[in-house]
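[1] okay, sequence plus prediction incoming.
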Amino acid sequence: MHHPLKKGSIPKDQISIGIHALEELLLHAPHKILKVFAVETKERGRKSKIASLCEEKKIPLVWTSFDRLTEMAGTDSHQSFLAHIKPRDFVLLKDFLKDVEDKDEVTLLMLDQIFDPQNLGAILRNCECFGVDAVIFSKNRGSDITSIVSKTSCGASELIPLIRLSNLAEAVTQCQEAGFEAVATVLNPNSHKLNDFRFSKKTLLIMGSEGEGIQPLIQKRADHSIYIPMQGKLQSLNVAQATAVLLYAISAQRN
């Protein structure tokens, strides 16, 4: 049965789309899902798995048309599934720093000027894979958490604690006062080669976009700057790839 849906009835920041993202949410954070909308299909496999998980977790599943789902999502890349999720709870930096005060090892990631939602989503997926404790990003200088971010992150945008701030430079200082070492990914004469660098037990890793980079004020406040040495003809990785390399390096040193 097809249920009528009102256009714009779900706020854009309460939408998650895509098969992978919905699977991860249903498996690891079903309490965040209010309702799932799906395109009626005879296909089996992963699509029927989502329907089964909805039934198992007692989450309402509403069948609708492909076009209506596209209208709700604002994109046709929803892969026939959309979840209406609860409003996202952003973490306060002061609360996070207090919570990890007695923790031996903590990895915080700060993102400056990451405007591409697909890059942001890929970064959040990396963070979930490598055990990042929280991600700090700007309210004004970067992408917000959209349905595309959620899909690209495979649901990690709902699983990783997110700290959204207006002043990233001040946040760097707050983290340093709480015992974190701020490390900016910048290539300059004083930068350390990643291979030779030892990360602190409590690290704030700062990443910027390929085009804009990290704001000068934030660079100045960092304790160290590092770079990834390259051997190929291309001189840079995209920010999501570079983040994965650096998070792996942090993880490898700790394990």
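    Now that the structure is in, tell me what you want to look at. Numbering: from 1, shown residues only.

[2] every contact and neighbour count from this point should use C-alpha atoms.
    Fine.

[3] just the strands in the stretch 1-150 of the chain please.
    15-17, 33-39, 61-64, 81-85, 106-112, 134-138 (DSSP state E, counting those that start in this stretch).

[4] worst average pLDDT in these?
    Lowest mean pLDDT within the strands of the stretch 1-150 of the chain: strand 15-17, a mean of 85.

[5] direction included, what does that strand pair against?
    Strand 15-17 has the following sheet partners, assigned by DSSP bridges: strand 81-85 (antiparallel).

[6] as JSON lines, the strands of the stretch 1-150 of the chain with mean neighbour count and distance to Ser251 would be great.
    As requested, the strands of the stretch 1-150 of the chain are exported to JSON lines (neighbours: other CA atoms under 10 Å; distance: least, CA to CA, whole Å):
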{"stretch": "strand 15-17", "mean neighbour count": "28", "distance to Ser251": "29"}
{"stretch": "strand 33-39", "mean neighbour count": "20", "distance to Ser251": "31"}
{"stretch": "strand 61-64", "mean neighbour count": "18", "distance to Ser251": "39"}
{"stretch": "strand 81-85", "mean neighbour count": "24", "distance to Ser251": "31"}
{"stretch": "strand 106-112", "mean neighbour count": "22", "distance to Ser251": "9"}
{"stretch": "strand 134-138", "mean neighbour count": "23", "distance to Ser251": "15"}
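
[7] tabulate those strands (CSV), appending distance to Ser200.
    Output for the strands of the stretch 1-150 of the chain, formatted as CSV (distance: least, CA to CA, whole Å):
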stretch, distance to Ser200
strand 15-17, 35
strand 33-39, 37
strand 61-64, 46
strand 81-85, 36
strand 106-112, 9
strand 134-138, 16
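
[8] between these, which one is nearest to Leu92?
    strand 134-138 (9.9 Å; CA to CA).

[9] what's the angle from that closest one to strand 106-112?
    20 degrees (axes from the mean of the first three to the mean of the last three CA atoms, to 10 degrees).

[10] any idea of the angle the longest helix anywhere in the chain forms with strand 106-112?
    In the chain, assigned by DSSP state H, the helix with the most residues is helix 239-254. Orientation of helix 239-254 against strand 106-112 (the same axes, to 10 degrees) gives an angle of 160 degrees.

[11] buried stuff in helix 239-254?
    The neighbour-count check on helix 239-254 (16 or more other CA atoms under 10 Å) flags Val239, Ala240, Ala242, Thr243, Ala244, Val245, Leu246, Leu247, Tyr248, Ala249, Ile250 as buried.

[12] got the end-to-end distance for stretch 159-176?
    25 Å (CA to CA, to the nearest Å).

[13] report pLDDT for Glu24.
    83.

[14] how many residues are close by the nearest residue to it once chain neighbours are set aside?
    When the adjacent residues along the chain are set aside, Glu24 lies closest to Gly155, with 5.8 Å between them (CA to CA, 6 or more residues apart in numbering). Neighbour count for Gly155, taken as other CA atoms under 10 Å: 29.

[15] ditto for the one 5 residues further on
    Look at Ile160: counted by other CA under 10 Å, it has 17 neighbours.

[16] next one: the one 4 residues further on
    Applying the criterion other CA under 10 Å, we find 18 residues in the vicinity of Arg164.

[17] what backbone torsions are found at it?
    Backbone torsions for Arg164, taken as degrees, to the nearest 10, come to phi -110, psi 120.

[18] shaky segments in this protein?
    1-8, 41-47, 210, 231-236 (pLDDT under 70).

[19] quick one, domains of it?
    The chain breaks down by automatic domain parsing into domains covering 12-85, 93-254.

[20] who are the contact partners of the residue positioned nearest the centre of the chain?
    Nearest to the mean C-alpha position of the chain, by CA atoms, centre = their mean, lies Leu124 at 2.6 Å. Each residue near Leu124 by CA atoms under 8 Å, 6 or more residues apart in numbering is listed here: Ser153, Ala156, Ser157, Ile160.

[21] against Cys54, how distant is the third one?
    Which is Ser157. 20 Å.
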